[in-house]
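> Fold the following and give me the result.
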Amino acid sequence: MLESEDEAVRLAARERPGQAGLWLQAVPPAAPRPQGLGLCLYPGASLLLGDLRAGWPLPLASESCGVVVLQHVADLGLDPAMVLQECARVLVPGGRLWLLALNPVSPYRLRWQGQGARAWEPVTWRRRLRA
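This next block holds a predicted model:
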């Protein structure tokens, strides 16, 4: 599934050339990071791991990223409202958040159901993003 999203991540990375980017993933990256996504983090047992070890809130300045890619991080049991709030804080005005999440009505759900991942209806995500 993550492999099928590689093109979307590459598009996000090219969207804001010259501005810092943040890539929050559910698991350690298997492929090299696309040019344009400067910082890559993924959840560990109690901290975010990757290019640095950090907790929440993220140790980034407010309005410091032109693009944030949130790839299935909220599907793993983290508080989606808190994650989205942090993403909004670090985005520059006019920046873009790319949200890649599990679709609970997709036939592909049979592959990940029962594996610990959690999915929400698109309406739920829209409400969270508006908030």
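
> Which residue ranges of this protein form strands?
Assigned by DSSP state E, the strands in the chain fall at 21-25, 39-43, 48-50, 65-71, 91-100.

> just checking, what packs against the first one?
In this case it means strand 21-25. Packing contacts for strand 21-25, counted by 3 or more Cβ pairs under 8 Å, 6 or more residues apart in numbering; DSSP states H and E, involve helix 6-15, strand 39-43, strand 65-71, helix 80-90. In short, each C-beta sits where N, CA and C put it, glycine included.

> and Leu99, which of the ones you listed is closest to it?
Closest approach to Leu99 among the helices and strands packed on strand 21-25 (Cβ to Cβ): strand 65-71, 5.1 Å.

> got a list of contacts for the closest one?
2, 5, 9, 12-13, 15-16, 18-26, 36-37, 83-84, 87, 90-92, 95-101 (Cβ atoms under 8 Å, 6 or more residues apart in numbering).

> In PyMOL, how would I select just the buried ones from the residues you listed?
Buried members of the contacts of strand 65-71, defined by 16 or more other Cβ atoms under 10 Å, are picked up in PyMOL with:
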select buried, resi 9+12+13+15+16+20+21+22+23+24+25+26+36+37+83+84+87+90+91+95+97+98+99+100+101
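
> Redo the helices and strands packed on strand 21-25 as JSON lines? Include distance to Pro122 and mean pLDDT.
Output for the helices and strands packed on strand 21-25, formatted as JSON lines (distance: least, Cβ to Cβ, whole Å; pLDDT from 0 to 100):
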{"stretch": "helix 6-15", "distance to Pro122": "16", "mean pLDDT": "83"}
{"stretch": "strand 39-43", "distance to Pro122": "23", "mean pLDDT": "88"}
{"stretch": "strand 65-71", "distance to Pro122": "15", "mean pLDDT": "91"}
{"stretch": "helix 80-90", "distance to Pro122": "13", "mean pLDDT": "91"}
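
> is it possible to export those to CSV including distance to Asp51?
Below are the helices and strands packed on strand 21-25 laid out as CSV (distance: least, Cβ to Cβ, whole Å):
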stretch, distance to Asp51
helix 6-15, 15
strand 39-43, 5
strand 65-71, 13
helix 80-90, 14
